[in-house]
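**Q** Quick one, fold the following:
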Amino acid sequence: MLYRRRHSPACFLRPSGRQGTNPKLSRGGPNAVPRFFAATAGRGAGANATGLARLLKDLQITARLVTRAAIHRRRLDREQTRTDMRDWAQERRARTRHLIELGGLVQKAGLVELADDDRATLLGAFLEIADRLRGSDEAGDDPRHLATRWRRRGFRTFEADRQAAAANKAAVGQDERAEPA
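**A** Got it, this is the predicted structure:
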């Protein structure tokens, strides 16, 4: 009679990826793992390294996503700042623009070079102008006539600048047409 085995030896073998668990926990040694990796400890020697690699990859992905979110947040904040339509922001921008334009007029009049960029001298000149317009000057000029005279002179200067810019633009246009020939 032939002897038949009821069970093949393969059913008694453990799968190759699983190691037996020791009820006594190891505290150290070459294969020791920190507690926060304890979830991967039961997967075997090769699986533990794979778990660490996966955790590292997940951390790197998370770091990239956090960086990307921070960049996006800064971009949105800048856009919000540029398009901020609150009243105080609009008033502040209008005031800033006005002050820059006044500074440009001081530069255009040549006062910066004449006063050698001395701010005390410029302030004194502006205070003298203010006194003249208030009528508290001893020169005897009528403040209304003085302001009208200054205004006309300013308009003439603006018009002369516009004509010079137009002439300059026309000259540049002629030079560009003359070069290709």
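
**Q** For Gln80, grab the count of nearby residues.
**A** 9 (other CB atoms under 10 Å). No exception for glycine: its C-beta is placed from N, CA and C like everyone else's.

**Q** wait, I meant Ala147
**A** Neighbours of Ala147 under the rule other CB under 10 Å: 14.

**Q** What residues of stretch 122-137 count as buried?
**A** Arg132 (16 or more other CB atoms under 10 Å).

**Q** Can you list the neighbours in contact with that stretch?
**A** The list of residues contacting stretch 122-137 from outside it, by CB atoms under 8 Å, 6 or more residues apart in numbering, reads Val106, Leu111, Val112, Ala115, Ala139, Asp141, Asp142, Pro143, Leu146, Ala147.

**Q** In terms of helices and strands, where is Gly124?
**A** helix 119-134 (DSSP states H and E).

**Q** List the buried residues in the helix or strand following that helix.
**A** Note on helix 119-134: by DSSP H and E, the next helix or strand toward the C-terminus is helix 143-178. Of the residues in helix 143-178, Leu146 count as buried by neighbour count, 16+ other CB under 10 Å.

**Q** Break the protein into its domains for me.
**A** 36-83, 87-114, 117-172 (automatic domain parsing).

**Q** Let's have the ones you listed in TSV, adding mean pLDDT.
**A** Shown next, in TSV, are those (pLDDT from 0 to 100):
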stretch	mean pLDDT
domain 36-83	81
domain 87-114	91
domain 117-172	87
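
**Q** Now do the helix holding Gly124 against helix 143-178, angle only.
**A** Note on geometry: by axes from the mean of the first three to the mean of the last three CA atoms, to 10 degrees, helix 119-134 and helix 143-178 are set 120 degrees apart in direction.
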